[in-house]
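**Student:** Below are the sequence and a predicted model; questions follow.
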Amino acid sequence: MKVLLTTDGSESAEEAIRWFSRLPIKHGIAYEVMTVSTYQVYGMVPAQVHDEFVRLESIHAFESFQRAAAILEEVGIDALQVTCLGQPADEIIRYAQDAKMELIVVGAHGVSLLEQMLIGSTSESVARHAPCSVLVVRTKPPKEPRHDTQLRFTVASDCSDADRQIASQVSSLNLAEKVRINLISVMEHPYLLQPALEFDAQLRRDTGLSLDRLASELSSCSDHIEKHVFEKLHVASCILTFIQNHPTDIVVVGDKGRSAIGRFFLGSVSRVLLHHAPCSVLLVRKQS
């Protein structure tokens with residue numbers, strides 16, 4: 001699998017790379033670390049001033065790569081350097097498309113004070129427009145200490161073709177050890193005015209069968225898979241509540257659902273998880 005790690009030299013970006021490098025992955029994966037030099041010069045400036053900006057940005061990009069490479073070397077990972085000049089999100093997306101990357105790893109926050117409070121604009125733009133899956137890394141420690149070190153996934157299923165893509169993406173991580181997986185499917189209750197009405201029995205059975213198939217496809221990654229089906233008015237809030245109450249390192253969600261508009265990528269569920277999940281978010285997209 002071809003993985004593109006990104007860094008802007010910020011502590012958040014480097015912590016995201018450190019977190020990813022320590023995942024229990026068999027490192028037969030091809031890694032590239034991308035830094036994007038960006039600068040803004042307003043008005044007309046002498047050529048030597050412009051050249052100096054470019055030189056300083058190039059130095060910053062190289063130093064950022066060196067720090068990222070040192071983090072990876074600690075666990076025996078070699079990475080190639082990729083440098084570009086332009087707007088970070090645009091360049092990351094363009095390069096991922098040209099190089100046929102299969103996964104982009106990006107930190108949840110950027111370097112500005114505002115982006116330290118909210119998800120960074122680069123992170124969201126990459127997640128929205130990338131041609132492949134995106135892992136948005138959130139490294140904030142959990143409120144309560146964990147008593148185990150086993151990696152935990154919460155996989156959100158919508159019982160669509162996206163489930164097959166999710167299983168393929170998780171399997172392609174080539175995990176070096178078994179993980180714990182919670183499969184969750186939320187049947188969004190359509191009766192807003194009459195919540196007591198029940199879903200059709202056939203829909204319940206179909207949902208259960210879909211989770212069984214997904215569990216089977218993920219069985220090589222885990223010997224501990226639990227399945228959960230809920231009936232709620234709001235899918236995203238149900239998933240958020242679940243992962244807040246069940247230790248989760250990575251929540252996995254597909255890029256499409258089965259609503260009338262297909263739940264376009266970064267639609268209601270994906271957007272809410274990206275902004276509010278207390279853990280890292282793997283947005284699975286079929287490679288274009």
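**Tutor:** Received it, and whenever you're ready, just let me know what you need.
**Student:** hang on, Ala176 packs against Arg22?
**Tutor:** No. Between Ala176 and Arg22 no contact is recorded; they are 11.3 Å apart, counting by CB atoms under 8 Å. Using the backbone N, CA and C atoms, a C-beta is placed for each residue, glycine as well.
**Student:** Span of stretch 33-48 from start to end?
**Tutor:** 29 Å (CA to CA, to the nearest Å).
**Student:** again but with stretch 274-285, I slipped
**Tutor:** According to CA to CA, stretch 274-285 extends 14 Å from its N-terminal end residue to its C-terminal end residue.
**Student:** Could you list the buried residues of that stretch?
**Tutor:** The neighbour-count criterion (16 or more other CB atoms under 10 Å) identifies 274, 277, 279-285 as the buried residues of stretch 274-285.
**Student:** Among these, which one sits closest to Ile71?
**Tutor:** Ser280 (16.7 Å; CB to CB).
**Student:** for that closest one, phi and psi?
**Tutor:** phi -70, psi 150 (degrees, to the nearest 10).
**Student:** Please name the residues that touch it.
**Tutor:** The contact partners of Ser280, taken as CB atoms under 8 Å, 6 or more residues apart in numbering, are 19, 108, 135-139, 249-251.
**Student:** His129: which of the residues you listed is nearest?
**Tutor:** Val136 (13.4 Å).
**Student:** In a helix, the closest one, correct?
**Tutor:** No. The assignment for Val136, made by DSSP: H, G, I helix; E, B strand; the rest coil, is strand rather than a helix.
**Student:** Could you pull out the strands in this structure for me?
**Tutor:** Chain-ordered strands for the chain, with DSSP state E as the definition, fall at 2-6, 30-37, 80-85, 103-107, 133-137, 152-157, 180-188, 224-232, 250-254, 280-284.
**Student:** Let me have those in CSV, adding distance to Arg67 as columns.
**Tutor:** Output for these, formatted as CSV (distance: least, CB to CB, whole Å):
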stretch, distance to Arg67
strand 2-6, 12
strand 30-37, 10
strand 80-85, 12
strand 103-107, 13
strand 133-137, 16
strand 152-157, 29
strand 180-188, 32
strand 224-232, 36
strand 250-254, 24
strand 280-284, 21
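**Student:** To what extent is the closest residue to Pro247 other than its chain neighbours buried, counted in neighbours?
**Tutor:** Taking CB to CB, 6 or more residues apart in numbering, and ignoring the residues beside it in sequence, Pro247 has Arg152 as its nearest neighbour in space, at 5.3 Å. Taking other CB atoms under 10 Å as the neighbour definition, Arg152 ends up with a count of 20.
**Student:** Kindly report the same for Leu211.
**Tutor:** Counted with other CB under 10 Å, the burial measure for Leu211 works out to 21 neighbours.
**Student:** Report the separation between the closest residue to Gln97 other than its chain neighbours and Arg94.
**Tutor:** Taking CB to CB, 6+ apart as the measure, Gln97 lies nearest to Pro131, with 4.6 Å between them; neighbours along the chain are not counted. As judged by CB to CB, to the nearest Å, Pro131 and Arg94 stand 9 Å apart.
**Student:** Pick out whichever of the contacts of Ser280 sits closest to Val235.
**Tutor:** For the contacts of Ser280, the minimum distance to Val235 (CB to CB) is 12.8 Å, reached by Val251.
**Student:** Now do the same for the closest one: its pLDDT.
**Tutor:** Taken from the predicted model, the pLDDT recorded for Val251 is 97.
**Student:** Show me the beta-bridge partners of it.
**Tutor:** In this structure, Val251 has beta-bridge partners Thr154, Val281, where bridges are defined by DSSP bridges.
**Student:** Am I right that it is in contact with Cys279?
**Tutor:** Yes. Under the criterion of CB under 8 Å, Val251 is in contact with Cys279, at a separation of 5.8 Å.
**Student:** what's the overlap in contacts for those two?
**Tutor:** Taking CB under 8 Å, 6+ apart as the contact criterion, the common neighbours of Val251 and Cys279 are Ile243.
**Student:** on that earlier part again, how about the strands of the chain, which one is nearest Thr122?
**Tutor:** The stretch from these with the least distance to Thr122 (CB to CB) is strand 103-107; that distance is 7.1 Å.
**Student:** care to break this structure down by domain?
**Tutor:** Domain assignment of the chain by automatic domain parsing yields the ranges 2-137, 152-284.
**Student:** ok, back up a step: just list the residues touching the residue nearest to Gln97, thanks.
**Tutor:** Residues near Pro131 by CB under 8 Å, 6+ apart: 93, 96-97, 101, 285, 287-288.
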